[in-house]
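>>> got a predicted structure plus its sequence, pasted below:
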Amino acid sequence: MTAERLDGKRVAAEIRQEVAADVAEFVASGGPTPCLAAVLVGEDPASQVYVRNKARACEKAGIDGRTHRLSADVGQTELLRLIAELNADPSVHGILVQLPLPDSSYDERAILDAVDPLKDVDAFSPINVGLLMQGRPRFLPCTPHGIVQLLGRYQLSVAGKRVCVVGRSDIVGKPMAMMLAQRTGTCGPEIANATVTLAHSRTADLGDVCRQADCLIAAVGRPEMITGDMIKPGAVVIDVGINRVGDKLVGDVAYDQACEVASAITPVPGGVGPLTIAMLLHNTLIAAKLQRS
Ligand SMILES: NC(=O)C1=CN([C@@H]2O[C@H](COP(=O)(O)OP(=O)(O)OC[C@H]3O[C@@H](n4cnc5c(N)ncnc54)[C@H](OP(=O)(O)O)[C@@H]3O)[C@@H](O)[C@H]2O)C=CC1
Ligand SMILES: Nc1nc(=O)c2c([nH]1)NC[C@@H]1CN(c3ccc(C(=O)N[C@@H](CCC(=O)O)C(=O)O)cc3)C=[N+]21
């Protein structure tokens, strides 16, 4: 079998056009130009790329994208001061603090908690996590939401099926598992009602657990750790991993092997990454709408 390539880049472009049209309509109706403030602390090269891509995407969608670059040693107090300033600035609708922060001198939890929940376009604040958990989300976290959109637009239903999410981070794995297990309509009309297994580094017999899955979602951060023998024939494989190996980007899935077994798979690059950015733009427009009313 040669798996269908799920083109995240194309679907992301489609979503970005839809967001651009919605932004234009919102502004034409007298709304303010949506504005996203990204905060980048330090010089991490991957973060630089991501923030640059995001700024370009904002511009194309008619969103005002601002980047606040701080040196790695500004410190907790200064960073909290900037967040308080952005919270209080009515022209800023969305705030994103790029992770990871440069070192352990920052209390990441306290910094993310400081972002006004109405401007929390990453959906990392406790209130937004809680609302999602309860099935009444305000913002959906960007990466899992991008995956839901991709599955929906390729009409790959997971309803009633077994999904295995590998990785239990607060950014990807945990909210992904939660979203796919929700009732119809909770996270949009597209995708719900899966039977979800959430695997992690303490999972026994990971290969067996993965092989049960009709849909396998890898968000681990280990290059090509999901090998062909861990995939159920005909499964849909979503590779969230972004790993820099030498000068190449590789996913968490051994792509060539997986293509022989899976029915559909996302590539890296060009899979989940571009969708994350598209959903961030979507959330920025939602934030602007929330703050208008
Ligand atoms: N495409 C995109 O838009 C995005 C991509 N990413 C990428 O996705 C990957 C994961 O990121 P993130 O979710 O932040 O990851 P984290 O590093 O926060 O978490 C990794 C998870 O993988 C689990 N894990 C580690 N080793 C194993 C193993 N051998 N077997 C099973 N599980 C294991 C960990 O388990 P435990 O909890 O037990 O430690 C943990 O739950 C990274 O490559 C990252 O760059 C991230 C965000 C967005
Ligand atoms: N507060 C916060 N929110 C995030 O959403 C967040 C974060 N911090 N920190 C890091 C991770 C990672 N992440 C990516 C987004 C897009 C691509 C992306 O566009 N990738 C391109 C390739 C880009 C390249 O060439 O390097 C692709 O996969 O095709 C990658 C990774 C968001 N994250």
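Nice, thanks for sending it over. Ligands and ions are numbered 1, 2, ... in the order given.

>>> who does the lowest-mean-pLDDT helix or strand in the chain touch, helix- and strand-wise?
When the helices and strands of the chain are scored by mean pLDDT, DSSP states H and E, helix 45-60 comes last with a mean of 93. With contacts taken as 3 or more CB pairs under 8 Å, 6 or more residues apart in numbering; DSSP states H and E, helix 45-60 sits against helix 8-28, strand 35-41, strand 64-70, helix 272-292. For the C-beta atoms, the positions are set from N, CA and C on the backbone; glycine is no exception.

>>> does it reach ligand 2?
Yes: Helix 45-60 reaches ligand 2 (CB under 6 Å from any ligand atom) through 49, 50, 53.

>>> near ligand 2, which residues of the protein are found?
Counting by CB under 6 Å from any ligand atom, the residues of the chain that sit close to ligand 2 are 49-50, 53, 96-99, 122, 142, 242, 249, 268-270, 273-274, 276-277.

>>> re the thing from before, out of the residues of helix 45-60 next to ligand 2, which end up buried?
residue 50 (16 or more other CB atoms under 10 Å).

>>> in the least confident helix or strand of the chain, which residues are buried?
Buried residues in helix 45-60 (16+ other CB under 10 Å): 47, 50, 51, 54, 57, 58.

>>> okay, the residue in the stretch 51-200 of the chain positioned nearest to ligand 2: pLDDT?
Using CB to the nearest ligand atom, the closest approach of the stretch 51-200 of the chain to ligand 2 is made by residue 99 at 3.8 Å. Among the per-residue scores, residue 99 holds a pLDDT of 95.

>>> what's the burial count for it?
16 (other CB atoms under 10 Å).

>>> where does this protein get nearest to ligand 2, residue-wise?
For the chain, CB to the nearest ligand atom, closest residue to ligand 2: residue 273, 2.4 Å.

>>> could you report the neighbour count for that residue?
24.

>>> my read: it touches residue 243, true?
No: the criterion here is CB atoms under 8 Å, and residue 273 misses it with residue 243 at 11.8 Å.

>>> picking up where we left off before, filter the residues of the chain next to ligand 2 down to just the buried residues.
Counted by 16+ other CB under 10 Å, the residues of the chain next to ligand 2 give 50, 96-99, 122, 142, 242, 249, 268, 270, 273-274, 276-277 as buried.

>>> how about those, which pair is most distant?
97 and 270 (26.2 Å; CB to CB).

>>> just the angle between the least confident helix or strand of the chain and helix 8-28, please?
On the basis of axes from the mean of the first three to the mean of the last three CA atoms, to 10 degrees, helix 45-60 is oriented at 50 degrees to helix 8-28.

>>> i'd like the first residue to be 315 from this point on
Noted, 315 is the first residue going forward, which turns the last one into helix 359-374.

>>> where does residue 506 land in three-state SS?
What DSSP: H, G, I helix; E, B strand; the rest coil gives for residue 506 is coil.

>>> quick one on the thing from earlier: dump the residues of helix 359-374 next to ligand 2 to JSON lines, plus distance to residue 333.
Output for the residues of helix 359-374 next to ligand 2, formatted as JSON lines (distance: CB to CB, whole Å):
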{"residue": "363", "distance to residue 333": "21"}
{"residue": "364", "distance to residue 333": "18"}
{"residue": "367", "distance to residue 333": "15"}
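
>>> the residues of the chain next to ligand 2: which ones sit near ligand 1?
Near ligand 1, by the rule CB under 6 Å from any ligand atom, you find 556, 587, 590 out of the residues of the chain next to ligand 2.

>>> between the residues you listed, which sits nearest residue 347?
residue 590 (22.3 Å).

>>> residue 458 is in contact with that closest one, correct?
No: the criterion here is CB under 8 Å, and residue 590 misses it with residue 458 at 9.3 Å.

>>> quick one: the helices in the stretch 465-607 of the chain?
Along the stretch 465-607 of the chain, counting by DSSP state H, counting those that start in this stretch, helices occupy 487-495, 520-525, 569-575, 586-606.

>>> so can I have CSV of those showing mean pLDDT?
As requested, those are exported to CSV (pLDDT from 0 to 100):
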stretch, mean pLDDT
helix 487-495, 97
helix 520-525, 98
helix 569-575, 98
helix 586-606, 97
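
>>> out of these, nearest to residue 336?
helix 586-606 (5.8 Å).

>>> quick one: the closest one to helix 322-342, angle?
Using the same axes, to 10 degrees, helix 586-606 lies at 20 degrees relative to helix 322-342.

>>> show me the domain layout of this protein.
348-430, 456-586 (automatic domain parsing).

>>> out of these, deepest packed?
Mean neighbours per residue, mean count of other CB atoms under 10 Å, is largest over the domains of the chain for domain 456-586, with a mean of 20.
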